[in-house]
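**Q** show me how the following folds:
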Amino acid sequence: MSNIIGNNIKLLVFGESHGPYIGASLDNVPAGIKIDYELIDNFLSKRRPSKKSDTKRCEKDEYQFISGVKDGYTTGSPLTVIIPNKDIDDTNYDKNRSLPRPSHADYTSLMKYHGFNDTRGGGHFSGRITASIVIIGAILYSALKDKGISINSHILKIGNVSDENYLNNQNIDLSNIDKHNYPTIKDLDEEINASIELAKENNDSIGGIIQTIITNLPVGLGEPMFDSLESSLSKALFGIGAIKGIEFGQGFNFANLTGKEANDEFYYDINGEVKTKTNNNGGINGGISNGMPVIFNCAVKPTPSISKAQNTINLETKQNDVILIEGRHDPSIVRRINIVIKAISSIIIFDNLLILKGYDYFCTK
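**A** Sure, this is the predicted structure:
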């Protein structure tokens, strides 16, 4: 398995859904970064199940730093955090062990690792693993915020409910996102909740789109060709199993535009700063940030664990079979994955800034 991401800092993620611990270790992290424990708890609360329709598995995420932190600051040694798994139930996984779940990693991981991998709850492929990423992301998000860099993620679409698109109006106030029960620009709590409840009543699930906006970035982030800003963000974000598509700026809509419509024309603003009249390219040219907001959308697939009968195969009998998945699952993970995307984006932006600014740039003492 490949569980390490990053060029300057190296993030290692470990653990399984139903193992004793999950965790993460951040190597080569600069010393002197303040640990904002309140922000970590806030990030974790956004990932944790909290709605009536969410999974009934509710871990308290009582994390512990076992290296790299002293007196509330990073020390420069590997920043390592562990989180115990306590709310574990293996019953339903044992019962369907020979029936690979559709759209899960059950079959592919079985073939790749010859049956030695932990399959309970998806094992290492479970969304449970993202809790440790959220903790590391919260720490680096705070360091970025201290430098005036803002990262916001919101639900652009979930089921048949759509939020405002920041790409169409970059004067939108993003401060309301955290004021709603669901992270949206407009107040769509009732509509989203109704859409999710309907999916749950139908023993089904729904997906959506998360839009991320990163503002106040300097010009020059990204290392073309293969470590461009788009490449590094995409590689990390595709580490989340539910992410099945990423587009920057207009993305696939570029196919519907002419060059004149698509091009972002430059101008000097009243302060003499270089801006573009539009931001169709999502703040990135040639794989390098251009100073405009970096904007990208992530497509989140519907939760594959649904309470409807589905066709599968029986690995013991070598016959076609039917599976009815039971257990504790979300009818939509779009809300909970929103903070994971925000956390991973923070990690990648921090990593790229180290190249441009150096390690002492983030030291707060």
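
**Q** so which residues of the stretch 51-200 of the chain form helices?
**A** 91-95, 106-113, 130-146, 189-201 (DSSP state H, counting those that start in this stretch).

**Q** just the buried residues of the third one, please?
**A** Read that as helix 130-146. Going by neighbour count (16 or more other Cβ atoms under 10 Å), the buried part of helix 130-146 is 130-144. Using the backbone N, CA and C atoms, a C-beta is placed for each residue, glycine as well.

**Q** nearest to Gly208, of the residues you listed?
**A** Closest approach to Gly208 among the buried residues of helix 130-146 (Cβ to Cβ): Thr130, at 16.5 Å.

**Q** what sits closest to the closest one if chain neighbours are left out?
**A** Sequence neighbours aside, Val340 is the residue nearest to Thr130 in space, at 4.6 Å (criterion: Cβ to Cβ, 6 or more residues apart in numbering).

**Q** just the element for that neighbour, please.
**A** Under the criterion of DSSP states H and E, Val340 resides in helix 334-357.

**Q** repeat for Lys235
**A** Taking DSSP H and E as the criterion, Lys235 maps to helix 229-237.

**Q** what residues of that helix count as buried?
**A** Residues of helix 229-237 classed as buried: 229-230, 232-234, 236-237 (neighbour count, 16+ other Cβ under 10 Å).

**Q** name the surrounding residues that touch it.
**A** Residues outside helix 229-237 that contact it (Cβ atoms under 8 Å, 6 or more residues apart in numbering): 5, 7, 221-223, 225, 243, 246, 248, 284, 287-289, 294, 296, 298, 341, 344-345, 347-348, 351-352.

**Q** and the nearest residue to Ala343 once chain neighbours are set aside, what pLDDT?
**A** Nearest residue to Ala343, sequence neighbours excluded (Cβ to Cβ, 6+ apart): Gly137, at 2.3 Å. Here the pLDDT value assigned to Gly137 is 98.

**Q** one more: Ser232?
**A** 97.

**Q** rewinding a little: distance to Lys275 added to the buried residues of helix 229-237, as JSON lines?
**A** Output for the buried residues of helix 229-237, formatted as JSON lines (distance: Cβ to Cβ, whole Å):
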{"residue": "Leu229", "distance to Lys275": "18"}
{"residue": "Glu230", "distance to Lys275": "20"}
{"residue": "Ser232", "distance to Lys275": "24"}
{"residue": "Leu233", "distance to Lys275": "22"}
{"residue": "Ser234", "distance to Lys275": "25"}
{"residue": "Ala236", "distance to Lys275": "28"}
{"residue": "Leu237", "distance to Lys275": "27"}
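
**Q** for the nearest residue to Ser67 once chain neighbours are set aside, list each beta-bridge partner.
**A** Spatial nearest neighbour of Ser67, excluding adjacent residues (Cβ to Cβ, 6+ apart): Thr80 at 4.4 Å. Assessed by DSSP bridges, Thr80 has beta-bridge partners Ser25, Ser67.

**Q** which residues does stretch 281-291 contact?
**A** Residues outside stretch 281-291 that contact it (Cβ under 8 Å, 6+ apart): 167, 214, 217-225, 228-231, 248-251, 264, 273-276, 292-296.

**Q** and with 7 Å instead?
**A** Applying Cβ atoms under 7 Å, 6 or more residues apart in numbering, the contact partners of stretch 281-291 are 217-222, 224-225, 228-231, 248-249, 264, 274, 292-296.

**Q** and those residues, which of them are buried?
**A** The neighbour count (16+ other Cβ under 10 Å) marks 217, 220-222, 228-230, 248-249, 264, 292-296 as buried among those.

**Q** pretty sure Tyr268 contacts Val274?
**A** Yes. Using Cβ atoms under 7 Å, Tyr268 makes contact with Val274 at a distance of 6.4 Å.

**Q** just to revisit the earlier point, of the contacts of helix 229-237, grab the buried ones for ChimeraX.
**A** The following ChimeraX command selects only the buried members of these, with burial defined by 16+ other Cβ under 10 Å:
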select :5,221,222,223,243,246,248,284,287,288,289,294,296,298,341,344,345,347,348,351,352
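
**Q** okay, now Ala309: neighbour count?
**A** Using other Cβ atoms under 10 Å, Ala309 has 11 neighbouring residues.

**Q** can you pull the pLDDT of it?
**A** For Ala309, the model assigns a pLDDT of 93.
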